[in-house]
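Sequence and predicted structure below; questions after.
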Amino acid sequence: MSLEVFSVLSDEEREELEKAYEDIVGVECRKRNYLLLSFIFDAIECNELQPIIITGRRGAGKSTYALKVVAQYFMRQGLSCGEAYLEALNRIVHTPKEFFDALKKYNDIIIWDDAGVWLSTYFWYHPELRPYLIWFLNWFDTSRTDVKVLVFTTPTKKKLPPRVREDPESLHVRVRRVGTKIINGLKVKVAEAHIVVLDESDYMNKLYTEDVGSDQYVVYLPDPVYRAYSIIRDGYHRLAKKMLGKVLVEKGLIPEELVEGYTYTSTEIKNLS
């Protein structure tokens with residue numbers, strides 16, 4: 001996990017995050033087969049980049065699905081459930097700089113959570129992020145073996161750069177809720193992850209989709225895993241808000257006095273987070 005988010009975490013949140021990470025070690029769970037897991041194994045075995053774009057409305061369970069599947073991958077590498085979830089959490093990046101740094105440490109799997117926020121048009125105007133965004137697009141076009149599996153989560157693929165969302169090699173996963181289930185006395189959501197691939201066609205210069213299959217899963221993470229992820233996620237939301245506010249003020253889209261209370265309600269950026 002990157003330290004970038006620490007700048008917006010309180011001392012209490014940092015202590016809670018540290019405690020959650022300690023508790024994750026003792027987490028237990030069963031192995032489960034996911035269809036998406038087979039694509040991850042194939043990509044790593046073939047030593048080729050496999051982009052996976054997971055979309056769905058807010059709260060549908062996109063990040064939960066990504067963490068569950070990646071944790072299952074590491075469990076099959078001999079790690080315990082807790083160790084596997086720790087490894088999955090450590091593979092999460094948010095900012096373009098974090099992705100740049102993660103490539104130096106990991107060559108198998110990276111999860112770019114809320115990628116649609118950090119790769120959005122507005123951050124191209126941020127002086128610190130712009131160089132990394134330019135670098136990323138060049139990297140995506142030319143590098144295919146630096147990392148084998150790159151998972152993006154975003155409410156809509158439209159927030160991703162065209163060359164990413166239209167890449168014919170990408171797997172597209174649409175998450176939607178399909179019901180509820182009782183686990184340990186608690187009612188939890190059940191979601192379905194529908195997987196498709198793009199079928200590149202010369203006809204009318206359009207891309208079509210071809211069904212691959214689906215995974216059904218409960219939108220539930222072990223408590224310490226959820227606590228750790230929630231702190232990280234909320235911290236990055238505040239960091240994005242802070243950085244985005246700076247850009248919006250500099251571009252004259254909002255007055256400076258609105259930055260502190262800015263809640264993404266303007267029509268220009270209401271779909272960013």
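Cool, got the structure.

Apart from its neighbours in sequence, what residue is nearest Thr145?
For Thr145, ignoring the flanking residues on the chain, the nearest one in space by Cβ to Cβ, 6 or more residues apart in numbering is Asn47 at 5.7 Å. In this view, the C-beta of every residue, glycine as well, is placed from N, C-alpha and C.

State the phi and psi torsions of His194.
Dihedral angles of His194 (phi, psi; degrees, to the nearest 10) stand at phi -90, psi 120.

wait, it sits on Val178?
No. Contact criterion Cβ atoms under 8 Å: His194 and Val178 do not qualify, at 10.3 Å.

Which one of those two is surrounded by more residues?
Using other Cβ atoms under 10 Å, the more surrounded residue of His194 and Val178 is His194, with 17 against 11.

quick one: the most centrally placed residue in the chain from His94, how far?
For the chain, the residue nearest the mean C-alpha position is Asp113 (2.1 Å; Cα atoms, centre = their mean). Separation of Asp113 from His94 (Cβ to Cβ, to the nearest Å) stands at 6 Å.

Find residues that contact each of these two.
The contact sets of Asp113 and His94 overlap at Tyr236 (Cβ atoms under 8 Å, 6 or more residues apart in numbering).

Might you report the residue contacts of the residue nearest to the centre of the chain?
With contacts defined as Cβ under 8 Å, 6+ apart, Asp113 is in contact with 63, 66, 92-94, 153, 233, 236.

Now secondary structure, pLDDT and distance to Val219 too, for the residues you listed, in a markdown table please.
A markdown table is the format used below for the contacts of Asp113 (DSSP: H, G, I helix; E, B strand; the rest coil; pLDDT from 0 to 100; distance: Cβ to Cβ, whole Å):
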| residue | secondary structure | pLDDT | distance to Val219 |
| --- | --- | --- | --- |
| Ser63 | helix | 97 | 10 |
| Ala66 | helix | 98 | 12 |
| Ile92 | strand | 95 | 17 |
| Val93 | strand | 94 | 22 |
| His94 | coil | 93 | 21 |
| Thr153 | strand | 97 | 13 |
| Arg233 | helix | 92 | 14 |
| Tyr236 | helix | 89 | 20 |
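
is it fair to say Val151 lies in a strand?
Yes. Assessed with DSSP: H, G, I helix; E, B strand; the rest coil, Val151 lies in a strand.

For it, grab the count of nearby residues.
By other Cβ under 10 Å, the residues close to Val151 number 28.

What does the pLDDT read for it?
Per-residue pLDDT puts Val151 at 98.

and it, bridged to which residues?
Here Val151 sits in beta bridges with Ile52, Ile111, going by DSSP bridges.

Hmm, Ala66 and it touching each other?
Yes. Contact criterion Cβ under 8 Å: Val151 and Ala66 qualify, at 5.2 Å.
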